[in-house]
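> Give the three-dimensional model of this entry:
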Amino acid sequence: MGMDLEEVMRKAHKLMAFKDGNANPNEVAIAAGQLKRLLRKYQLSIADIKHGDLGEDVIEEDVFTKRNRENRAEWFLLITLCDSHQCTLLIGKSYSGKIVYSVIGAKSDVVHVTWLYESLLKRFKESAKDSARAAGFHGHGITRFVNSFITGAAVAIGERLIPKEETEVSSDSRALAVVKSGAITGFLEKKYPELKRAKPKEHNISSGLGAKLGYREGMQVPLSRGVENKEQAAQLTLCS
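Presented below is the predicted three-dimensional model:
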């Protein structure tokens, strides 16, 4: 199993630091060999690691909710979009105690992720409620159906946007991903020096009717990328 992008960045920087530290020549030579193999494996260069430039700012944008507790289905949809656009997701609470999601990444990615999340969530909720009522669900049954629907849709979107195999990712895309990861890591270390990373959450995927219908819609909904503004995105994404 290969390392994720942040691990590649950390290891590469650690190996590069040997020549600037107090290591003896033998240790420097070993580190250089390991660095060379690491860069070859991930098809990167020293410039990608040390001088990578996104060409745009790393920003943080908040997505506010009206909930006091995290909704796992909505979180799953947002984290799926973040992963597919190489963004980092933080979870906190506002002064009023409501859940707030913070999306961090390259500006164009963050703008698209946050808008796409809000538009898709609205669409999926409306479709799920209509389907739930048509299937005879009532009260809390509709709420559970909606959450299951959103989860199924998120699974489908993840399958469409996130490469399953390393071979599906071009060397240029891999290099850009590493540069983005390094820029985001630098942003987090500067703004949140004491930030502790939580263990990845497990999310149970339902096999019920709601999940199946959500998966079907997630496979069919248009997903436009590189959108410049909300008006343009509305025309491209919500036409069906």
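
> Strands along the chain, start to end?
Along the chain, the segments classed as strands by DSSP state E run 58-64, 88-93, 99-106.

> for the ones you listed, which one ends up most surrounded?
Among the strands of the chain, the stretch with the highest mean neighbour count (mean count of other Cβ atoms under 10 Å) is strand 99-106, at a mean of 21. C-beta coordinates here come from the backbone N, C-alpha and C atoms, glycine included.

> Dump that strand to PDB, restricted to CA.
Below are the C-alpha coordinates for strand 99-106, written out as PDB (Å, rounded to 0.1, in the frame of the first residue of the first chain):
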ATOM      1  CA  ILE A  99     -21.600  22.600  13.800                       C
ATOM      2  CA  VAL A 100     -19.300  24.400  11.400                       C
ATOM      3  CA  TYR A 101     -17.300  22.700   8.600                       C
ATOM      4  CA  SER A 102     -14.100  24.400   7.400                       C
ATOM      5  CA  VAL A 103     -12.900  23.500   3.900                       C
ATOM      6  CA  ILE A 104      -9.200  24.300   3.300                       C
ATOM      7  CA  GLY A 105      -7.400  24.000   0.000                       C
ATOM      8  CA  ALA A 106      -6.500  25.800  -3.200                       C
END
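
> and it with strand 58-64, angle?
160 degrees (axes from the mean of the first three to the mean of the last three Cα atoms, to 10 degrees).

> strands paired with strand 99-106, and their directions?
strand 58-64 (antiparallel), strand 88-93 (antiparallel) (DSSP bridges).

> of all the ones you listed, which lies closest to Lys180?
Proximity to Lys180, assessed across the strands paired with strand 99-106 by Cβ to Cβ, is greatest for strand 58-64 (8.3 Å).

> CSV for the strands of the chain, including mean pLDDT and distance to Glu189?
Below are these laid out as CSV (pLDDT from 0 to 100; distance: least, Cβ to Cβ, whole Å):
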stretch, mean pLDDT, distance to Glu189
strand 58-64, 92, 12
strand 88-93, 91, 12
strand 99-106, 93, 12
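
> how about JSON lines for the ones you listed, with distance to His112 added?
Formatted as JSON lines, the strands of the chain follow (distance: least, Cβ to Cβ, whole Å):
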{"stretch": "strand 58-64", "distance to His112": "11"}
{"stretch": "strand 88-93", "distance to His112": "14"}
{"stretch": "strand 99-106", "distance to His112": "10"}
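
> Please name whichever of these is nearest to Ile30.
Comparing those against Ile30 with Cβ to Cβ, the closest turns out to be strand 88-93 (32.4 Å).

> Show me the contact partners of the closest one.
70, 75, 78-79, 82, 99-105, 184, 188, 192, 195 (Cβ atoms under 8 Å, 6 or more residues apart in numbering).

> One more pass at 7 Å, please.
Strand 88-93 is contacted from outside by 70, 78-79, 82, 99-105, 184, 188, using Cβ atoms under 7 Å, 6 or more residues apart in numbering.

> Likewise for stretch 64-82?
63, 88-89, 91, 94, 97-101, 103, 113, 116-117, 120-121, 147, 150-151, 154, 157-158, 203.

> Give me the buried positions along that stretch.
Using 16 or more other Cβ atoms under 10 Å as the test for burial, stretch 64-82 gives Thr65, Asn71, Ala73, Glu74, Trp75, Phe76, Leu77, Leu78, Ile79, Thr80, Leu81, Cys82.
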